[in-house]
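J.: I'd like to go over a predicted model; first the sequence, then the structure.
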Amino acid sequence: MKPFPAREVDAALLRKGFVKRQGDHAYYHFKYRGCDVGISTKISHGEKEIGPGLSKRMRAQMRLETNADFGRFVDCPLTFEEYVALLKRLGIISED
């Protein structure tokens, strides 16, 4: 898997429903309809690039099924709606 610039990962997380909280790292919590659904990840301050090892851990924390899904999430073919549909299929978010 190719590395991703940390800035692009940050932007993708914010575009797709994650809320950022600064601390010793940048923490991201996924919110759906104003509620925290228990999905979170982080990027360390000063991180310039998200390499294969870190992207694999982030993918698991975000409940994405494959490394390709993480790439689609960052590069934007995976929309917010598709991400929510995935989380519903996995039972993380209840159906409406």
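T.: Arrived safely, thanks for sending.

J.: please enumerate the helices of this structure.
T.: For the chain, applying DSSP state H gives helices covering 6-15, 52-61, 67-75, 80-89.

J.: most tightly packed of the ones you listed?
T.: Ranked by mean neighbour count, the helices of the chain are led by helix 67-75 with a mean of 18 (mean count of other CB atoms under 10 Å). The way it works is simple: take the backbone N, C-alpha and C, and place the C-beta from them, glycine included.

J.: tell me the angle that one makes with helix 6-15.
T.: 80 degrees (axes from the mean of the first three to the mean of the last three CA atoms, to 10 degrees).

J.: can you name the residues in contact with helix 67-75?
T.: For helix 67-75, contacts defined as CB atoms under 8 Å, 6 or more residues apart in numbering pick out 1-2, 4, 8-9, 12, 16, 52, 55-56, 58-59, 62, 64, 78, 83, 86.

J.: mind checking how far that helix is from the chain centre?
T.: In terms of CA atoms, centre = their mean, to the nearest Å, the centre of helix 67-75 is found 9 Å from the chain centre.

J.: now stretch 10-19
T.: For stretch 10-19, the distance from its own C-alpha centre to the chain's C-alpha centre is 7 Å (CA atoms, centre = their mean).

J.: with only the CA atoms kept, save it in CSV.
T.: Written as CSV, here are the backbone C-alpha positions of stretch 10-19 (Å, rounded to 0.1, in the frame of the first residue of the first chain):
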residue,chain,number,x,y,z
ASP,A,10,-6.7,14.4,8.3
ALA,A,11,-8.8,16.2,5.6
ALA,A,12,-10.5,12.9,4.6
LEU,A,13,-11.4,12.1,8.2
LEU,A,14,-12.9,15.5,8.8
ARG,A,15,-14.9,15.4,5.5
LYS,A,16,-16.4,12.1,6.4
GLY,A,17,-17.9,12.7,9.8
PHE,A,18,-14.9,12.5,12.2
VAL,A,19,-14.5,15.3,14.8
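
J.: tell me which residues are up against that stretch.
T.: With CB under 8 Å, 6+ apart as the test, stretch 10-19 has contacts from 20, 26, 28-32, 41, 43, 73-76, 78-80, 83-84.

J.: all set, thanks.
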